[in-house]
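Peer 1: Sequence and predicted structure, then a few things I'm wondering about:
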Amino acid sequence: MALRQAVESRFRAGILSMVRRTSGPLLALFALTIGFAVAESQFATLANLRNILDSSAVPLVLSIGMTFVIRQGSIDLSIEGLMAACSLVFALVVANDRMQFDLGWLGLPIAAALGAVFGLANGLIVTRLRVPSFMATLGIGSTCLGIAMLLSGDQPPLIRDPALRHWGLGQSFGVPNLALAAAACLAAGFFVEQFTRLGRYSYVVGGAESVARLSGLNVDLYKVGVFAFAGLMTGMAAAMESARLGIGHVEIGAGQMLGAITAVVIGGTSLSGGSGSVLGSAIAVLALAVLADGMVFVGATPYMEKAIQGGIVLVAAIVAGWQVHDRLRVVK
Amino acid sequence: MSEERVETTAAAVVLALALAFASASPAAGAQALCEKSQIRLVNSMREIAQPYHANLSKGGRMFARWAGLEGQYVLQLNQGDSDKQIALMRSILATNPKCTVFNVEPNADVVVKPMVDTANQTGAWIVTHWAHNRGMHPFDGYDHWIAHVAVNSEEVGIAVSEQLVAAMGGKGGLVALQGRLDTDPAQKRFAGLKSVVARHPGITLLAQQPANWDRTVAFPTIQAWLAKYGDRIKGIWAANDDMALGALEALRAAGLAGRIPIVGVDGIPEAIAAIARGEMTATVSSDAFYQGSIGLAMGVCVLTGQVPPPQTWAKQQREYYLRTTVITKENASRYATEPTVEGYVDEWRCDKLWSRASGPAY
Amino acid sequence: MSVAALRVEGLCKRFGDTYALRGVTLEVRPREVVGLVGENGAGKSTLLKLLAGVTRPDGGTMMVRGSAVRWRKVRDAADAGIGIMFQESSLVPDITVAENVLLAHEGSAVRLGIYRWHELFARAKALLVKLGMTISPGADAHTLSFSERQLVEFAKALAVETRTCDAPILLLDEPTSALDERGVATVLQTIEELRTHASVVLVSHRLEEVRRVCDRIYVMKDGSCVGERDARTCTVEALQRLMIGHETGTDFPREAVRSQLAETVCLEVRQLSRRDKYVDVSLALRHGEVLGIAGATGSGCEELCRTLFGIVPPDSGTMLLDGRTVALRGPSDAVAQGIGYVPADRPREGIIGAMSVTENMTLAHLAQFCGRWGIDRRREREVAERWIERLRIVTPCATTRASDLSGGNQQKVALAKWLVGKPPRVLILDHPLRALDVVARRDILKTIRELACDGAGIVVVADALDELLAVSDTLIVMRDGRISARYSIAQDRPTRQTILEKMI
């Protein structure tokens, strides 16, 4: 009862603003979908829709964490390394062809927890050692990549757990399992963002850090918390992709980082921090997945896709900066 | 052509070449250039996470152990960075250049020239694989460039494509996952596919996409094609095994694993296992263990004086195509387990260095 | 006699080599409203920041409810029941009003880290209603109007009430500066109500309001308390006199350096307006004239300067340079038209501390120092040294880092920036005497007059009234965004009192 009241109160006021905020990526999503559906008749089928949901699952989970990090004014460049390390650990603790472990579903929380630990390391280096986040996360990312390579050795572990493989590849109620998992992560992320201190304070820390400190907030604590949360999401994403491919893979995170950052920026979170929402990022992820899938349908090469992706980011950034008239605004 | 005929032809060629080389190779007992204890063996490759590269290094290490030089084996990984591959070579040659042998898997064709020049300048010795810059050859005066072991990627492409077409029954549509198109193997293998498709009018190439040699890219691409073409897809061609395995998982997600033939290239253990299970049709192996060791073997033979210096060799001894093996269900069991050193010792001997040569490559 | 709610003795605060507070002693009793008045720069905001734990004092003692305290962070002061409403905006734009109001004071509305929105909104609503606000607590803060934001900031200060059961102490820094009459009335009413259980320190320029609602008033000047008056019995004039202080013996002899005012107008603006900042400003500046502008915070004079320099475009009105209408596209356009600007925030906007004196000077007209092969360093040095001599800048050499100079010399460097090239048409000086000692101030004033003699039109915004009077030919006073008075010094020199009345 209290929950319903809480949700109602929160959203009676905020729902309109939320719709307005996500209008940009929504527009992109609709435009792309309709465009490709018109160009290729087979695009707008249920089967292809499932494909899009499936291929957007892992980037979506990554974008949740990245939204938080960028919103607080930091950046996380450790995704690819973190995914590699978590993927290897995940593959080795579940039934595989190299080690005797067989922890089954326990592998998921283990991977997520490992990601959170690395995220914690990110946060501590940023807050305690005062290293800028792009450097700190690059360092942790490289370290994780090294750990992954050591674990992979000369033979990447193959996952033999049938339940996990089925989860990674299969569907429930006509929806790919991984998409359902991503939706659950999105719900969790949304809850944290709208209903918990960690989420609300990430807006404060990002939008007006001086105010945060003046108000007596323990800014460092929340910064570390956000990094740990992002690490948790990354670990989860790694487990998902590993279950799908059936392998603990050093290259599993290749290309994901730029995609996550792109989605967050298109989704409405300013790179200078303080605004945005995981919903916007999620919609942007879907839009980008539609773009990638559509490109294959249309027969364009992936290189074209990268160019178009870049174009979308530019347009989004320009539109976002349009409102601000201050000629003295510093743009670095 | 069937695997048996390939083997017979290969044997005949080998015999012919062996005769040719026997007449051409001068007497053994040339001057030893280095003390055995000084010899340093370096394997330079992209990375070690992929099974192909892992096996390259395993082969090199096996040779080093057999030759009693295990302590002098060095692995250099450049992570896909051409500048780094060159820089690593230069930095290790700061000491003991004249007794160092490099066995190189070049990150890109263009890396070969700087590395070969470095070898010539410092007195180190180098053997390269796969492909090199156009317009230059070991016998053009690069005395320290012992040999270039090429792989005829177009023939590889043709061989594996023939397997696919056969498995498709000679008709139907196929989709192609290309490697990174700025590399020679990717281009040549695909050219091989195209020529095979041209020869079989019942076969259509429905679509092709570069998938970066990576199974994480191959997976969604195949998914999209399945949605677009549905059951018009009767075969999947992949320029390497990693992409083929990604395609396999995509098929598994659609409940089609084993129902559509897939081919790849590299011969990694995972692919061989899939072939044995009937989920993949064929792959082509250049034998990573051999590639990772033969250059080192050649270098040791030169340095210990058991063969004369390379500038006296015949042209086809310095640049030749490596014999490759097509692996299908019939012979998969033979390659399923990891090879042991016994399988190679005969071919590392200084008079058998060219036992897998299948023809001049210039 | 009950123990004082708040008592400070001998409180000192230094910033670099300037003293913001020198030995402040004052006391706030329980259930009392105390006013704190003084000119800009007197140290009022600094004092409040010390009391709230934002900065730490360099000397003196603070006692809250009888016990000595030393704040290490803002939280400590908040825990002791001290709530502060800052003069600068302290709202976070992308969260709701309720979250802003109760930031760090959520209490039971956040259980185990999870927000109970219903309760949060209800608590915030209660505070907002007390201030007569009807906005929804769930609205995002960036949608509020300027005056609504100020009321929310007030509500934020009030929120500390919910933390402690002890009588809270509220520090309000200019709570009414952006409000209309109705808003002002509400705020004053609320302060009245607060008196029943809280103590309030009210800083304001609006002396009438201060008199109306306070019990006692402290007057600050130059970092210390110069007087304490009973609010009922004192008059606004008496307060003003205390604020200004006695005539300083060294009155600037302006008659000595008098320029002959040309008749031609170099800068004219007609009905310049910018929403929420200033309205219907018209003025005409002649070549060789020094126009002084006096105005308190919120009067719009600083924003006017920024418009004249092209930083912020006006919403309506026209600007003419030498009779020609211009629409400045930005500061670089202004510089190209011969306008120079010395900002008030010297360390952050006036000079580049890490660069040398020479580099600072040539910054605005670097193109003139470029030869075929890039910057002509020798010519740069020559010109710099010439101006160092002419403006009597004290620096070890021309390549000293600007941050190593004293405030007055830094200001001269900032001025010189506009002089090294073509002589400027118009110079706009925003609070040029801020944080300068007496000698430096006289020096700058002398320089200003010299520049006027050279033919430039100069606009000076300042709050040091006697100095403004000394240096200006014409003086305008701004209040609440409009020009409230205009004087030609030669014919009709006003007293400081008069000006103050017009300002506040």
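Peer 2: Received, thanks. Numbers count the residues shown, from 1 in each chain, chains lettered A, B, ... in the order given.

Peer 1: Look up how far B:Asp241 lies from B:Asp351.
Peer 2: The spacing between B:Asp351 and B:Asp241, counted by C-beta to C-beta, to the nearest Å, is 33 Å. From N, CA and C alone the C-beta is placed, and that goes for glycine too.

Peer 1: Please identify which of these two sits among more neighbours.
Peer 2: In terms of neighbours (other C-beta atoms under 10 Å in any protein chain shown), B:Asp241 is the more surrounded of B:Asp351 and B:Asp241; the figures are 31 against 14.

Peer 1: which ones are touching that one?
Peer 2: B:52, B:264-268, B:270-271, B:283 (C-beta atoms under 8 Å, 6 or more residues apart in numbering or on different chains).

Peer 1: Chain A: which of those is nearest?
Peer 2: B:Glu270 (6.6 Å; C-beta to the nearest C-beta).

Peer 1: does whatever residue of chain B ends up closest to chain A count as helix, strand or coil?
Peer 2: Taking C-beta to the nearest C-beta as the measure, the point where chain B comes nearest chain A is B:Ala54, at 3.2 Å. Each residue gets one of three states, and B:Ala54 gets helix by DSSP: H, G, I helix; E, B strand; the rest coil.

Peer 1: Counting neighbours, what do you get for it?
Peer 2: 22.

Peer 1: excluding its backbone neighbours, what's nearest it?
Peer 2: A:Asp154 (3.2 Å; C-beta to C-beta, 6 or more residues apart in numbering or on different chains).

Peer 1: So that neighbour: helix, strand or coil?
Peer 2: Under three-state DSSP, A:Asp154 comes out as coil.

Peer 1: and it, backbone torsions?
Peer 2: With angles defined as degrees, to the nearest 10, A:Asp154 sits at phi -100, psi 0.

Peer 1: In this structure it contacts B:Ser57, no?
Peer 2: Yes. Between A:Asp154 and B:Ser57 there is a contact under C-beta atoms under 8 Å: 7.0 Å.

Peer 1: so how far is chain B from the residue in chain C positioned nearest to chain A?
Peer 2: Chain A sits closest to C:Gly138 of chain C, with a gap of 2.4 Å, by C-beta to the nearest C-beta. Using C-beta to the nearest C-beta, to the nearest Å, C:Gly138 is found at 41 Å from chain B.

Peer 1: Work out which residue lies at the spatial centre of chain C.
Peer 2: C:Thr297 (5.3 Å; C-alpha atoms, centre = their mean).

Peer 1: now the strands: where do they sit in the stretch 151-300 of chain B?
Peer 2: Along the stretch 151-300 of chain B, the segments classed as strands by DSSP state E, counting those that start in this stretch run B:172-178, B:203-210, B:233-238, B:262-263, B:283-285.

Peer 1: Likewise for the stretch 101-250 of chain A?
Peer 2: So, for the stretch 101-250 of chain A - with DSSP E, counting those that start in this stretch - the strands run A:171-172, A:175-176.

Peer 1: for the last one, what is the average pLDDT?
Peer 2: So that's strand A:175-176. For strand A:175-176, mean pLDDT rounds to 92.

Peer 1: what mean pLDDT does stretch A:98-109 have?
Peer 2: So the average pLDDT for stretch A:98-109 ends up being 90.

Peer 1: Can it be said to contact chain B?
Peer 2: No. Under the criterion of C-beta under 8 Å from any C-beta of the partner chain, stretch A:98-109 makes no contact with chain B; the nearest approach is 12.0 Å.

Peer 1: what distance separates the start and the end of that stretch?
Peer 2: 21 Å (C-alpha to C-alpha, to the nearest Å).

Peer 1: Figure out how far that stretch is from the centre of its chain.
Peer 2: 24 Å (C-alpha atoms, centre = their mean, to the nearest Å).

Peer 1: re the thing from before, from the contacts of B:Asp241, which ones fall inside helices?
Peer 2: Among these, the members falling in helices (DSSP state H) are B:52, B:270-271.

Peer 1: if I look at the residue of chain B closest to chain A, how far off is chain C?
Peer 2: For B:Ala54, the distance to chain C - C-beta to the nearest C-beta - is 46 Å.

Peer 1: Can you report how many residues lie near C:Ala363?
Peer 2: Careful, residue C:363 is Leu and not Ala. 16.

Peer 1: what sits against the residue lying closest to it once chain neighbours are set aside?
Peer 2: Excluding the flanking residues, the one nearest C:Leu363 by C-beta to C-beta, 6+ apart is C:Lys417, at 5.7 Å. Residues in contact with C:Lys417 (C-beta under 8 Å, 6+ apart) are C:340, C:342, C:360-364.

Peer 1: Can you tell me which residue of the stretch 1-150 of chain C sits closest to chain B?
Peer 2: Counting by C-beta to the nearest C-beta, the stretch 1-150 of chain C gets nearest chain B through C:Asp94, at 34.4 Å.

Peer 1: Let me know how buried that residue is, in neighbour terms.
Peer 2: 23.

Peer 1: Return the residues in contact with it.
Peer 2: A:203, A:207, A:274-275, C:140-142.

Peer 1: if I look at the residue in chain C positioned nearest to chain B, how far off is C:Ala367?
Peer 2: In chain C, no residue comes nearer to chain B than C:Gly374, which is 31.7 Å away by C-beta to the nearest C-beta. Between C:Gly374 and C:Ala367 the computed distance is 12 Å (C-beta to C-beta).
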